[in-house]
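Novice: predicted model follows, preceded by the sequence.
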Amino acid sequence: MSGKGSHGMVKGIIVILVLVCLVGGYYYYLSNKKQDKVQEENVKATVVQEVLMRNLDSNYPPSPREVIKYFGEISQCLLGETYTDEEFGQLALQAQKLYDEELIANKTQQQYLEDLKWDINVFKEDGIVISSYTPASSVDVEEFTKDGYNCARLTCSFTFRKGTYLEANEEIFVLRKDAEGHWKIYGWQPVKKNNT
């Protein structure tokens, strides 16, 4: 009789252990699922945040190519990422820190922000994003002197995507060194395509 009782008790303990394992396993599954979801949301937010984390006062790009590369990162964020109005303003100011003072002087701050927002809205309404960008290699950067300034010229290839359609466009960027030795974007224009 006592054997039957202990056998029933062992069976009961096993059932309880199995239930505890099932509940624990389910809880572990749910908590990991939530963490994965949080991590996925963080990854989406960090694309813009990572670009904004760069402190240009202490960590300015050291070469013309690196300036254009960072400009490409900002442009890709502006056209392809989701961001708040505050982050838009921060991205716009971050891009402006790469510009030569003469380029900045062409517009008031309000005009600059309004024009940038308008350009971005045109791209977004058409569903166009920057799929990739490739600045010319360092050996293809042409340095020269003009009006007493050290200048540099290089191309950057931007690939725009609309749905599944891709189109590559090349831009020629001209940069010049400021008094602090930083390369600043002086202007850019599309590379003329030969229609032959």
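Specialist: Yes, it's here.
Novice: show me the shaky parts of the protein.
Specialist: 1-46, 194-196 (pLDDT under 70).
Novice: all the strands of it, in order from the start?
Specialist: According to DSSP state E, the chain carries its strands in the segments 128-135, 142-146, 149-162, 165-177, 183-190.
Novice: restrict the longest one to CA atoms and write it as PDB.
Specialist: Put plainly, it is strand 149-162. C-alpha atoms of strand 149-162 as PDB (Å, rounded to 0.1, in the frame of the first residue of the first chain):
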ATOM      1  CA  TYR A 149      42.600  77.500 -52.200                       C
ATOM      2  CA  ASN A 150      43.500  73.800 -52.100                       C
ATOM      3  CA  CYS A 151      40.700  72.100 -54.000                       C
ATOM      4  CA  ALA A 152      39.800  68.500 -55.000                       C
ATOM      5  CA  ARG A 153      37.500  67.000 -57.600                       C
ATOM      6  CA  LEU A 154      36.000  63.500 -57.600                       C
ATOM      7  CA  THR A 155      33.000  61.600 -58.800                       C
ATOM      8  CA  CYS A 156      30.500  59.700 -56.800                       C
ATOM      9  CA  SER A 157      28.200  57.200 -58.400                       C
ATOM     10  CA  PHE A 158      24.700  57.100 -56.800                       C
ATOM     11  CA  THR A 159      22.300  54.200 -57.600                       C
ATOM     12  CA  PHE A 160      18.700  55.200 -57.300                       C
ATOM     13  CA  ARG A 161      16.000  52.600 -56.900                       C
ATOM     14  CA  LYS A 162      12.300  52.900 -57.700                       C
END
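Novice: roughly how far does Glu180 sit from Glu167?
Specialist: Going from Glu180 to Glu167 by C-beta to C-beta, to the nearest Å gives 37 Å. For the C-beta atoms, the positions are set from N, CA and C on the backbone; glycine is no exception.
Novice: what does stretch 166-175 contact?
Specialist: 64, 67-68, 71, 100, 131, 151-160, 183-191 (C-beta atoms under 8 Å, 6 or more residues apart in numbering).
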